[in-house]
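Trainee: Okay, predicted coordinates and the sequence, questions at the end:
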Amino acid sequence: LSSGINAGQGLGIEIIATFQLVLCVLATTDRRRNDVSGSAPLAIGLSVALGHLLAIDYTGCGINPARSFGSALIANNFENHWIFWVGPIIGGASAALIYDFILAPRSSDLTDRMKVWTSGQVEEYDLEGDDMNSRVEMKPK
């Protein structure tokens, strides 16, 4: 962390930087959306650049715990290293939840979607194929 930045501020910066990156990745690579045009890799790269430009002066912009771990291991400096694990976990998970439940919810209701935890995504796909020996393809509804 830079001087003048405490652990709480560093954690908040890492949460926000990771949040915007994961939200960008989810929004540009979602196959259910037909309104996305342009280059997804370019959008994701610009999102990474934005995160680094805004956060690098304060926390070094970890965003990726593996990258932060490598730097800490080489420098042998693990002071406040938990920030670079907890921040991206919270930011990534909250971006996924907000995208999946608020910004682009699926057509099935919440109880059907929670069945994924126990039985897989059975309700999310239609099975096509009339006879039992033919190849079965799973396509989104």
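Mentor: Perfect, thanks for sending it. Numbering: from 1, shown residues only.
Trainee: what ranges of this protein fall below the confidence cut-off?
Mentor: The chain contains residues with pLDDT under 70 at 107-110, 112-141.
Trainee: Please, where are all the strands along it?
Mentor: Applying DSSP state E to the chain gives strands spanning 125-128, 137-140.
Trainee: Same question for stretch 72-84: list its buried residues.
Mentor: Judged by neighbour count (16 or more other Cβ atoms under 10 Å), stretch 72-84 contains these buried residues: Ala72, His81, Ile83, Phe84. (C-beta placed from N, C-alpha, C; glycine too.)
Trainee: For Ala95, see how far away Ile102 is.
Mentor: For Ile102, the distance to Ala95 under the criterion Cβ to Cβ, to the nearest Å works out to 11 Å.
Trainee: Which one of these two is surrounded by more residues?
Mentor: The neighbour comparison of Ile102 against Ala95 (other Cβ atoms under 10 Å) goes to Ala95, with 22 against 8.
Trainee: so who does that one touch?
Mentor: Neighbour list for Ala95: Thr18, Phe19, Gln20, Leu21, Val22, Leu23, Leu26 [criterion: Cβ atoms under 8 Å, 6 or more residues apart in numbering].
Trainee: Give me the buried stretch members for stretch 53-71, please.
Mentor: Result for stretch 53-71 [16+ other Cβ under 10 Å]: buried residues Ala55, Tyr58, Thr59, Gly60, Cys61, Gly62, Ile63, Pro65, Ser68.
Trainee: quick one: the spatially most central residue of the chain from Ile89, how far?
Mentor: The central residue of the chain, meaning the one whose C-alpha is nearest the mean C-alpha position (Cα atoms, centre = their mean), is Val22 at 3.3 Å. Going from Val22 to Ile89 by Cβ to Cβ gives 11 Å.
Trainee: buried residues in stretch 31-50?
Mentor: Going through stretch 31-50 with 16+ other Cβ under 10 Å, the ones that come out buried are Ala43, Ile44, Ser47, Val48.
Trainee: In helices only, show me those residues.
Mentor: Counting by DSSP state H, the part of the buried residues of stretch 31-50 found in helices is Ala43, Ile44, Ser47, Val48.
Trainee: Distance to Gln9 added to the residues you listed, as JSON lines?
Mentor: Formatted as JSON lines, the entries for those read as follows, by distance: Cβ to Cβ, whole Å:
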{"residue": "Ala43", "distance to Gln9": "28"}
{"residue": "Ile44", "distance to Gln9": "26"}
{"residue": "Ser47", "distance to Gln9": "22"}
{"residue": "Val48", "distance to Gln9": "21"}
